[in-house]
Structure formats: C-alpha cells, structure tokens
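Asker: this one's sequence-less:
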C-alpha cells in the first residue's frame with residue numbers, strides 16, 4: 001500500500017527538526033486493513049466518518065466528525081486539491097453503512113482544519129466541538145478515532161479507536177502519543193480528538209500531523225477552540241440549526257459548542273447534548289417560542305424567547321435545567 005502524504009518539517013520548542021506526516025490514505029483500501037496504531041476495532045462512534053475525496057486523477061481517504069446534521073469537521077490538507085467526494089457512516093466502507101455525497105467544502109486559510117457540507121443529514125447524532133481554552137485540560141484522556149493505517153507500512157480502511165492523553169498544547173496544536181498508548185497514522189487525518197468537556201464528549205482537535213514512523217511522538221491535532229466562531233459560521237450557513245428546530249449554544253454570540261436542533265415539545269430534563277446550567281445563547285425559528293426554566297421539571301425562574309438571542313441575559317445565563325418549545 002502506497003501512502004499519499006504531505007510531508008513537512010516542523011521545529012518544536014526544545015527539539016530538533018523532525019520529519020512529520022499530515023497524510024491522507026489512498027482510497028484503494030481492502031477490508032482486511034485497519035486503522036489507529038495500538039487501537040481496537042470500533043463499531044460505535046457513529047458520528048466519526050470516512051471521507052472519500054476525489055480529484056481528476058483519482059482520490060484519497062481521510063476521517064472526520066459530524067458536528068451538525070449536514071456538516072463534517074476534518075483537516076484542511078484533506079480538502080486541499082479535492083473537487084468532490086462523499087462521506088461514509090459505518091464501520092467498514094466495504095460493508096453495511098450509509099454514503100452521502102459532499103456538496104461543499106471550506107478550508108481554513110492558515111490552520112489545518114476544514115469542513116464539508118453533505119447533501120443530506122447524516123444518520124448519526126452530531127458531536128459538539130469545543131470552544132473552551134484547551135490549556136485547562138492538559139493531562140486528561142483523549143479518545144482518538146479514525147479509518148487510517150495501523151502502522152507505518154500497514155493499510156487502513158475500517159474504523160478503529162484508542163485512548164491516549166493530552167500531553168501539551170503548542171500553538172494551534174494539541175499534542176498526544178507520549179504515553180505509549182494509541183496513536184494516529186496515515187488516513188486518520190481529520191479524525192477527532194475527543195475529550196470530556198463539561199460532562200460530555202466533544203471534539204477538541206482534528207488529527208493533523210505526526211512523526212514518522214507512525215506511533216512515534218509527537219503527534220498533533222489542530223485545536224477547535226481557536227477557530228470556534230469560524231466553525232460555527234459555516235455550521236450556521238449549512239443547516240446547523242434554526243430552521244430545523246431550536247439550537248442552544250455554550251457561549252454568547254452563538255459561540256462554543258452547540259446542541260442538536262430541538263423539536264417542539266416539553267423537556268422536563270435536559271437532553272444529553274445540553275449540560276445543566278450551560279446555555280448562553282440560542283437560535284429560535286420564526287414563530288417559535290422557548291421557555292427556559294431554572295430547575296428541572298419546569299421549576300424556578302422562567303425566561304421566554306421568541307427569536308434568536310445572542311445573549312440570554314444575566315437572569316438566565318448558565319441557568320437552564322429544563323425547557324419547553326412550542
């Protein structure tokens with residue numbers, strides 16, 4: 001298996017120049033080939049997808065994460081040079097699963113992060129992306145997932161996952177793979193670094209680069225917290241909320257992590273993607289009304305919203321434990 005890779009030399013603080021990879025995997029993979037160094041087969045993590053990019057002479061594969069019904073977060077170098085593609089939801093792209101075509105792509109101008117828009121909503125619950133400063137989470141566990149290779153000269157193509165820790169934060173990179181546990185490799189590019197933020201799993205970075213051979217530290221993922229507003233803008237432009245239901249946001253001005261779109265109904269306790277006392281802004285479709293309650297079971301103070309609100313105000317900021325939508 002030949003690997004189609006972008007190689008680059010990066011100088012880390014206190015270290016000599018190292019040859020690092022930021023690589024996609026050619027898309028002629030077989031069912032016997034697997035991904036993530038020192039990882040395990042992954043039949044879960046339904047929001048982690050394989051991205052099959054195409055160009056005039058062929059194609060390559062990367063990984064990504066569904067962060068809104070129609071938006072997948074990935075790496076900029078995966079998108080670079082592509083003229084189309086599709087996303088696979090499932091464990092093995094040669095087996096059962098769902099393929100959805102891409103209809104749009106956007107790459108960040110100076111960071112290795114990007115997004116693709118899908119032709120229809122993915123068959124998985126989106127995973128929120130992190131908007132909090134990642135420095136506060138150094139030393140904590142990181143869950144990595146991808147469809148890449150299992151080693152330097154190995155193949156890839158089915159979903160695997162593993163655990164490591166956030167070793168450090170260096171500029172726009174989250175550094176992992178210093179603990180001899182799981183690590184990323186070719187084809188995992190664009191896949192998620194998941195961490196537990198505010199009591200739920202969030203994407204804190206996308207796999208960007210690593211040291212050759214695969215599994216050797218350092219390895220880095222591009223942080224989401226530095227570009228949270230840029231990510232959210234693209235999500236908003238591509239059906240990330242509003243028209244399909246009410247979307248709640250972690251920070252003011254629709255920043256930070258976002259919930260999935262919520263339909264009309266009475267929510268006496270908060271759904272899994274909305275932490276307690278967390279909401280600071282929300283988007284409300286025209287003609288809809290939201291009542292946010294201070295306590296569970298519709299108790300305590302009530303705040304009412306009839307339109308999108310960039311800040312819910314001091315009386316209700318981070319003070320919602322149940323809500324009604326009608």
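Answerer: Received the coordinates, thanks. Owing to the predicted nature of the structure, the values given are computational and were not obtained by experimental measurement.
Asker: mind listing the helices in the stretch 201-326 of the chain by residue range?
Answerer: Assigned helices in the stretch 201-326 of the chain, in chain order: 228-237 (criterion: DSSP state H, counting those that start in this stretch).
Asker: show me the strands in it, by range?
Answerer: In the stretch 201-326 of the chain, strands defined by DSSP state E, counting those that start in this stretch lie at 216-223, 247-249, 265-267, 281-283, 290-295, 299-305, 322-325, listed in chain order.
Asker: how's the protein carved up into domains?
Answerer: 1-240, 241-325 (automatic domain parsing).
Asker: which of those domains sits most buried?
Answerer: Most buried of the domains of the chain by mean neighbour count (mean count of other Cβ atoms under 10 Å) is domain 1-240; its value is a mean of 21. Glycine gets a C-beta too; all of them are placed from N, C-alpha and C.
Asker: if I pick residue 99, what's in contact with it?
Answerer: 86-89, 93 (Cβ atoms under 8 Å, 6 or more residues apart in numbering).
Asker: go again using 7 Å as the cut-off
Answerer: 86, 88 (Cβ atoms under 7 Å, 6 or more residues apart in numbering).
Asker: for residue 208, same thing?
Answerer: 22, 75, 112, 173, 189, 220-222.
Asker: also residue 267?
Answerer: Applying Cβ under 7 Å, 6+ apart to residue 267 gives the contacts 322-324.
Asker: any weak-confidence spans in the protein?
Answerer: Along the chain, the model assigns pLDDT under 70 to residues 1-43, 150-156, 180, 239-244.
Asker: nearest to residue 135, out of the strands of the stretch 201-326 of the chain?
Answerer: The closest of the strands of the stretch 201-326 of the chain to residue 135 is strand 216-223. By Cβ to Cβ, the value is 9.8 Å.
Asker: just name whatever secondary elements that closest one is in contact with.
Answerer: strand 173-176, strand 200-211 (3 or more Cβ pairs under 7 Å, 6 or more residues apart in numbering; DSSP states H and E).
Asker: wait, which of those strands is closest to residue 107?
Answerer: strand 200-211 (11.9 Å).
Asker: angle of that closest one against strand 216-223?
Answerer: Strand 200-211 runs at 130 degrees relative to strand 216-223, counting by axes from the mean of the first three to the mean of the last three Cα atoms, to 10 degrees.
Asker: could you give the angle of strand 200-211 to helix 228-237?
Answerer: Relative orientation of strand 200-211 and helix 228-237, computed by the same axes, to 10 degrees: 110 degrees.
Asker: now do the strands in the stretch 51-200 of the chain.
Answerer: For the stretch 51-200 of the chain, applying DSSP E, counting those that start in this stretch gives strands covering 58-68, 71-74, 84-90, 97-107, 114-118, 141-146, 160-165, 168-170, 173-176, 192-197, 200-211.
Asker: so what's the gap between the third one and the chain middle?
Answerer: The chain centre lies 15 Å from the centre of strand 84-90; the measure is Cα atoms, centre = their mean, to the nearest Å.
Asker: who does that strand pair with, and is each partner parallel or antiparallel?
Answerer: Partners of strand 84-90 in the sheet, by DSSP bridges, are strand 48-55 (antiparallel), strand 97-107 (antiparallel).
Asker: distance to residue 116 added to those, as CSV?
Answerer: As requested, the strands paired with strand 84-90 are exported to CSV (distance: least, Cβ to Cβ, whole Å):
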stretch, distance to residue 116
strand 48-55, 7
strand 97-107, 5
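Asker: these: which one's closest to residue 70?
Answerer: Among the strands paired with strand 84-90, strand 97-107 sits nearest to residue 70 (Cβ to Cβ), with 8.4 Å.
Asker: quick one, what contacts residue 131?
Answerer: With Cβ under 7 Å, 6+ apart, residue 131 has these contacts: 225, 228, 250-251, 255-257.
Asker: ugh, typo on my part, it should be residue 203
Answerer: By Cβ under 7 Å, 6+ apart, residue 203 lies in contact with 65, 67, 73, 127, 129-130, 192-194, 224.
Asker: in JSON lines, list those along with distance to residue 234.
Answerer: Shown next, in JSON lines, are those (distance: Cβ to Cβ, whole Å):
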{"residue": "65", "distance to residue 234": "14"}
{"residue": "67", "distance to residue 234": "10"}
{"residue": "73", "distance to residue 234": "9"}
{"residue": "127", "distance to residue 234": "16"}
{"residue": "129", "distance to residue 234": "11"}
{"residue": "130", "distance to residue 234": "16"}
{"residue": "192", "distance to residue 234": "17"}
{"residue": "193", "distance to residue 234": "20"}
{"residue": "194", "distance to residue 234": "20"}
{"residue": "224", "distance to residue 234": "12"}
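Asker: out of those residues, flag the one nearest to residue 275.
Answerer: Once Cβ to Cβ is applied, the member of those that ends up nearest residue 275 is residue 130, at 12.6 Å.
Asker: nice, that's everything, thank you.
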